[in-house]
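Participant: any chance you can model this:
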Amino acid sequence: MIKNIVTSICLLLGVLSYAQEGSSSPYSFYGIGDVRFKGTTEARAMGGVAVEQDSIHINLENPASFANLKLTTYTIGGTFNSTTMKTDAVSEKAQRTTLDYLAIGLPLGKFGVGFGLIPYSSVGYKIQTITGTDSENTSTFTSSGGINKVFAGVGYKITPKFSVGFDVNYNFGIISIVNSELNGNIQSGTRETNTSNLSGLNFNLGSMYQAKLTKKLNFYSGVNYTLENDLKSKNTRLIETSTDPQTIDQPNKTISFSSKLSLSAGVGETRKWMIGGKVVMQGASDLSNTYNVSPDVAYGRSGSVSLGGYYIPDYNSFTNYLKRVVYRGGLKYERTGLIIRDEAIDNIGVTMGLGLPISGTFSNVNIGFEIGKKGTTSSGLIQENYANFSVGLSLNDKWFEKRKFN
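Facilitator: Now for the predicted structure:
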């Protein structure tokens with residue numbers, strides 16, 4: 001029965017992820033698109049905090065966490081997003097359903113390895129402008145695509161308290177921007193398609209440390225450092241009318257990312273409660289491409305501050321299922337680094353969630369809910385009020401177990 005439920009959810013997430021674009025934000029036009037949260041549903045429900053040395057959940061941000069796994073862990077997650085975009089004059093609604101991550105972690109003694117696929121950024125919006133006395137002129141901007149990340153990492157437990165790790169990520173994807181123009185007084189319209197084929201590598205280094213403060217109270221900490229890296233963008237432009245399509249090669253572009261540092265710390269009682277915080281800092285990056293350069297747009301320093309935690313009433317309860325549920329919550333503030341017309345595009349949100357254990361196993365179903373605000377209506381910009389509902393599976397099993405009997 002459980003296998004049927006798990007299979008159905010996995011298929012549903014897979015189908016829905018390809019059914020719609022990954023973003024509906026107009027801000028995804030800039031840079032490499034709308035950068036997605038890199039983490040599991042469990043971490044997302046705690047504002048992005050994942051600092052505990054967990055033995056049955058994968059930490060996608062810190063590769064040192066792979067060394068702490070006790071069981072083979074398979075994890076998959078997806079999100080349904082509903083956004084209301086508004087200016088001072090009008091508002092519009094959009095919905096998207098996306099696949100967030102797909103990963104496997106394997107314990108190998110003091111070592112642990114992890115690998116998987118994470119959608120890194122998404123581009124997806126449609127903006128239509130109708131002008132003229134008889135609404136005869138129509139201009140339409142549409143976009144699609146984004147960047148995916150395939151990763152493989154290894155962690156090593158130096159001592160029972162301290163582990164280190166690294167991972168390598170191959171980033172790849174295609175971003176397509178289409179601008180269509182129709183004029184009621186002209187028989188043939190025009191369409192301009194800008195396509196960027198992006199690829200590149202980046203590396204992460206991580207460490208995690210845990211110590212006893214008292215008999216019950218633990219201290220947790222983690223450091224993750226992403227090295228400077230580049231994405232190579234091969235650009236083309238296609239201009240079409242009904243009779244004369246023309247392909248124009250565009251200059252290729254190197255998109256440069258500054259190094260990023262993430263610091264996490266927390267305190268808690270094992271299998272009872274934890275509260276922690278995370279600070280992320282990244283220098284200004286050169287994210288503009290040939291199709292989205294604008295004098296009104298700049299890219300500054302980015303970063304975020306998060307606070308979150310969980311509570312389990314009674315992990316070992318056999319009579320009351322609700323006492324074994326993990327209750328999560330968190331807050332986050334993010335500075336995206338995008339600056340338009342001297343206005344910083346910031347993101348603030350409140351998160352909450354539940355971890356639902358699957359009886360008789362170490363596996364669990366995790367759900368999360370997030371509400372927040374991105375952007376501003378100042379300077380003629382757009383404010384996005386969003387609600388995210390996420391579902392994730394963390395499935396655990398013991399592999400490579402030596403048989404006692406043949």
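Participant: the strand or helix carrying residue 395: partners in the sheet, and parallel or antiparallel?
Facilitator: According to DSSP states H and E, residue 395 maps onto strand 383-397. Its sheet considered, strand 383-397 pairs with strand 72-86 (antiparallel), strand 364-375 (antiparallel) by DSSP bridges.
Participant: tell me the angle of the very next helix or strand once past the first one relative to strand 383-397?
Facilitator: Just to be clear, that refers to strand 72-86. Scanning forward in sequence from strand 72-86 by DSSP H and E, the next helix or strand is strand 91-108. Counting by axes from the mean of the first three to the mean of the last three CA atoms, to 10 degrees, strand 91-108 lies at 20 degrees to strand 383-397.
Participant: what are the buried residues along strand 91-108?
Facilitator: Under the neighbour-count criterion of 16 or more other CB atoms under 10 Å, strand 91-108 has 94, 96-103, 105-107 buried. Every C-beta, even on glycine, is put in place using the N, C-alpha and C of the backbone.
Participant: and the residues you listed, which two are furthest apart?
Facilitator: The distance between the two most remote of the buried residues of strand 91-108 (CB to CB) is 41.3 Å, for 94 and 107.
Participant: three-state assignment of residue 232?
Facilitator: strand (DSSP: H, G, I helix; E, B strand; the rest coil).
Participant: and it, what does it touch?
Facilitator: Residue 232 makes contact with 198-200, 252-255 under the criterion CB atoms under 8 Å, 6 or more residues apart in numbering.
Participant: ditto for residue 302
Facilitator: Contacts of residue 302 (CB under 8 Å, 6+ apart): 282, 284-285, 334-337.
Participant: residue 351 versus that one, what's the distance?
Facilitator: Per CB to CB, to the nearest Å, residue 302 is found 20 Å from residue 351.
Participant: how far is the helix or strand containing residue 345 from where the chain is centred?
Facilitator: Element membership for residue 345, per DSSP H and E: strand 343-357. The chain centre lies 12 Å from the centre of strand 343-357; the measure is CA atoms, centre = their mean, to the nearest Å.
Participant: now stretch 103-110
Facilitator: Counting by CA atoms, centre = their mean, stretch 103-110 comes out at 22 Å from the chain centroid.
Participant: which residues sit against that stretch?
Facilitator: With CB under 8 Å, 6+ apart as the test, stretch 103-110 has contacts from 58, 60, 66-67, 69-76, 112-118, 156-157, 399.
Participant: swap in 6 Å and give it another go.
Facilitator: 58, 66, 69-70, 72-75, 113-114, 116, 156-157 (CB atoms under 6 Å, 6 or more residues apart in numbering).
Participant: what do you get for stretch 373-391?
Facilitator: With CB under 6 Å, 6+ apart as the test, stretch 373-391 has contacts from 26, 41, 44, 79-88, 341, 343, 345, 347-348, 367-372.
Participant: ditto for stretch 166-185
Facilitator: 63, 123, 136-151, 153, 189-205, 291.
Participant: low-confidence ranges, the stretch 251-400 of the chain, go.
Facilitator: Low-confidence segments of the stretch 251-400 of the chain (pLDDT under 70): 399-400.
Participant: would you reformat the strands paired with strand 383-397 as CSV and include mean neighbour count and distance to residue 387?
Facilitator: Listed next are those as CSV, based on neighbours: other CB atoms under 10 Å; distance: least, CB to CB, whole Å:
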stretch, mean neighbour count, distance to residue 387
strand 72-86, 20, 5
strand 364-375, 20, 5
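Participant: any chance of those in TSV, with distance to residue 231 too?
Facilitator: Formatted as TSV, the strands paired with strand 383-397 follow (distance: least, CB to CB, whole Å):
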stretch	distance to residue 231
strand 72-86	24
strand 364-375	23
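Participant: show the average pLDDT along stretch 211-227.
Facilitator: For stretch 211-227, the mean per-residue pLDDT is 96.
Participant: how about residues contacting that stretch?
Facilitator: Applying CB under 6 Å, 6+ apart, the external contacts of stretch 211-227 come out as 51-52, 61-62, 161, 203-210, 259-269.
Participant: mind redoing it with 8 Å?
Facilitator: 50-53, 61-65, 161, 202-210, 257, 259-270, 272, 274, 276, 282.
Participant: and for stretch 267-275?
Facilitator: 51-52, 213, 216-220, 266, 276, 307-312, 315.
Participant: next one: the closest residue to residue 189 other than its chain neighbours, what pLDDT does it get?
Facilitator: Of all residues not flanking residue 189 in the chain, residue 182 sits nearest, at 4.1 Å (CB to CB, 6 or more residues apart in numbering). According to the prediction, residue 182 has pLDDT 76.
Participant: name whatever forms a beta bridge with residue 182.
Facilitator: Beta bridges link residue 182 to residue 138, judged by DSSP bridges.
Participant: okay, now it: neighbour count?
Facilitator: Applying other CB atoms under 10 Å, we find 15 residues neighbouring residue 182.
Participant: now residue 212
Facilitator: Neighbourhood size, residue 212 [other CB under 10 Å]: 11.
Participant: distance-wise, check it relative to residue 337.
Facilitator: For residue 212 relative to residue 337 (CB to CB), the value is 39 Å.
Participant: for residue 344, same thing?
Facilitator: From residue 344 across to residue 337, the span is 8 Å (CB to CB).
Participant: which of these two has more neighbours?
Facilitator: When residue 344 and residue 337 are compared on other CB under 10 Å, the one with more neighbours turns out to be residue 337, at 22 against 15.
Participant: leaving out chain neighbours, which residue sits closest to the more buried one?
Facilitator: Computed as CB to CB, 6+ apart, the closest residue to residue 337 that is not its neighbour in sequence is residue 302, at 3.2 Å.
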